[in-house]
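Undergrad: fold the following for me, if possible:
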Amino acid sequence: MNQYLDISDEVQAALSAGEPVVALESTIISHGMPWPQNLETARAVEAVIRDAGATPATIAIIDGRLKAGLSPEELETLARKGPAATKASRRDFPRLLAEKGLGATTVAGTMIVASMAGIKIFATGGIGGVHRGAETTWDVSADLVELARTDTAVVCAGAKSILDLAKTLEFLETRGVPVIGYRTSELPAFYTSHSGLVLEERADSPQEIAAMLTAKWAAGLSGGVVVANPIPEQYSLPQGVVNPAIEQSVAEAEKAGIKGKQLTPYLLKRISEITGGESLESNIALVKNNARLAAEIAIAYAQETVEVPEF
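TA: Predicted coordinates for the structure are as follows:
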């Protein structure tokens, strides 16, 4: 057991019993949505997972402790602190642990703690990726590198559409990360189901995905998997609405010199403002949709990996 890791009683009981557990990131709470929608959404997403028959494990760093499973009080503290919490990826962990700091884990950070705790399935909104203009800025999310090294399946609505999706998909392919479209052969683009980018892998049931995960890791093929789950059609934003909003927000960020950790939260907030809140509603809907599918995959994976008793 990692000396810095705290697993909640609820999550530990589920893990010990071989029951399905779904990890959840916390950057979406602190940096992805405003108060109080962030707390409402965090509670609602945990409820979706419980209703589906799995145990949620929201992950964060609190008082220098790696937390797999937050209490209601810890969840509210994180939501109220908002951007005051460090957006925590692998490089930030040493400082936060040493200084007993507060960190909201990114996709990469969440994968690390989930893996330490023995949690294989993780639900989020969208993964990070290769940013537009990366050929000159070298701005590539640590999420992609972590996916290549950590044995966790990340259920998401594809990569965030503010990114260069073609380069993101190419990076994942180069690093050997399978991208499985759930009931689709096209990479979802976060706010919309369509990107025009064809996926090599497709699965039409949680059981198919669980079987792939079991085969991958049982064969000793390390690294993560992306499960790309399109946003529900009724919440999908028309490309004629979302694309101009993205272009405008990217241009404004570039003019203002916003980059690094501050870029994605800025763009998501600005897109929400430009679309009159429509993108925030879509964001909440897709996170719940991903949580539901992640719970179904976790249940199927738990059944796949049940040890057969010897007689």
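
Undergrad: can you give me the strands for the stretch 51-200 of the chain?
TA: Residue ranges of the strands in the stretch 51-200 of the chain, as given by DSSP state E, counting those that start in this stretch, are 55-62, 65-68, 86-88, 103-105, 121-123, 153-156, 179-182.

Undergrad: so how far is stretch 223-234 from its chain's centroid?
TA: Put simply, stretch 223-234 sits 10 Å off its chain's centre (CA atoms, centre = their mean, to the nearest Å).

Undergrad: mind listing what's buried along that stretch?
TA: Using 16 or more other CB atoms under 10 Å as the test for burial, stretch 223-234 gives 223, 224, 225, 226, 227, 228, 229, 230, 231. To be clear about C-beta, it is placed using only N, CA and C from the backbone, and glycine gets the same treatment.

Undergrad: ramachandran coordinates for the closest residue to residue 99 other than its chain neighbours?
TA: Distances taken as CB to CB, 6 or more residues apart in numbering place residue 64 nearest to residue 99, at 6.7 Å, with adjacent residues excluded. Main-chain dihedrals, residue 64, degrees, to the nearest 10: phi 70, psi 10.

Undergrad: so for residue 190, which of the strands of the stretch 51-200 of the chain sits nearest?
TA: strand 153-156 (8.4 Å; CB to CB).

Undergrad: packing partners of the closest one?
TA: The contact analysis (3 or more CB pairs under 8 Å, 6 or more residues apart in numbering; DSSP states H and E) places strand 153-156 against helix 107-117, strand 121-123, strand 225-228, helix 278-304.

Undergrad: which secondary element of this structure has the worst mean pLDDT?
TA: Lowest on mean pLDDT, DSSP states H and E among the helices and strands of the chain sits helix 263-274, with a mean of 80.

Undergrad: list the contacts of that one.
TA: Contact with helix 263-274 is made by 31-32, 34, 83, 87, 128, 131, 139, 160, 162, 242, 245-246, 248-250, 252-253, 258, 278-280, 283, as judged by CB atoms under 8 Å, 6 or more residues apart in numbering.

Undergrad: drop anything exposed from these.
TA: Buried, going by 16+ other CB under 10 Å: 31-32, 87, 128, 131, 139, 160, 162, 242, 245-246, 249-250, 253, 258, 278-280, 283, out of the contacts of helix 263-274.
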